[in-house]
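Novice: Got a sequence here, can you build the structure:
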Amino acid sequence: MSMQVLKPGFYTTVQDLGRPGWRKDGVAEGGAMDRYALRTANLLVGNAEGEAGLELTLAGPELLLEQDLLLAVCGAAMPPSVDGEELPLWRPFWARAGSVLSFGAALGGCRAYLAVGGGIAAASALGSRGTDARAGIGGLA
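Specialist: Numbers count the residues shown, from 1 in each chain. Below you'll find the predicted structure:
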C-alpha cells in the first residue's frame, strides 16, 4: 500500500480481526468493531479476510494515492470519492496514482473499513496489526 495521509479523519486506525488469547496477560482482543464489513472489504480486493485495513470512525480521511490501487469500502454510509467522483460502497474499485481518496461524514452508522489490495503495511504486535491506542501497540505509526 502506498498512500500519504493529507487529513487523518476523525479517528482512523489500522484494524484487523484482533489479538485473541492475550486477555490473561491484560491485553484486550480488540480488532475491528464491524468484523463483517472488514472481512467483506478484504475479500472484495483479493486479500485474506483477516488482513489489516483502515477503520474510519464518523468522518474519514483524505489520502493521496502514490500508486494505482484496488480498494473497497464497506460498513457505514461514508461513501468514498476519488478526485471528487463518488464511488460505491461494498464494491471494489481501481484508483490511479496521484488521485485523492476522500470521505465525508458518516450518513448512517459509525464505522467504515477501507481495504487495499495487497494489504496495509503495519508492524505486528502479539499477532495483530490492529491499533490498541491504550496499550500503545499495533498500527500506530
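Novice: which residues sit in contact with the residue at minimal distance from the centre of the chain?
Specialist: Centroid-nearest residue in the chain: residue 54, 1.4 Å away (criterion: Cα atoms, centre = their mean). For residue 54, the contacting residues are 12-15, 61, 113-114, 120, by Cβ atoms under 8 Å, 6 or more residues apart in numbering. Glycine gets a C-beta too; all of them are placed from N, C-alpha and C.
Novice: Residue 130: which of the residues you listed is nearest?
Specialist: Minimum separation from residue 130 among the contacts of residue 54 (Cβ to Cβ) is found for residue 15, which lies at 4.6 Å.
Novice: The closest one and residue 41 touch, don't they?
Specialist: No - the pair residue 15 / residue 41 is not scored as a contact, 11.0 Å apart, by Cβ atoms under 8 Å.
Novice: Let me see the contact set for the residue lying farthest from the centre of the chain.
Specialist: Farthest-out residue of the chain from its mean C-alpha position, per Cα atoms, centre = their mean: residue 24, at 27.8 Å. Residues near residue 24 by Cβ under 8 Å, 6+ apart: none.
Novice: Helices of this structure, residue ranges please.
Specialist: 35-44 (DSSP state H).
Novice: how about the strands in it?
Specialist: Ranges of strands within the chain are 3-7, 11-15, 53-57, 62-65, 69-75, 80-82, 85-86, 92-95, 100-103, 111-116, based on DSSP state E.
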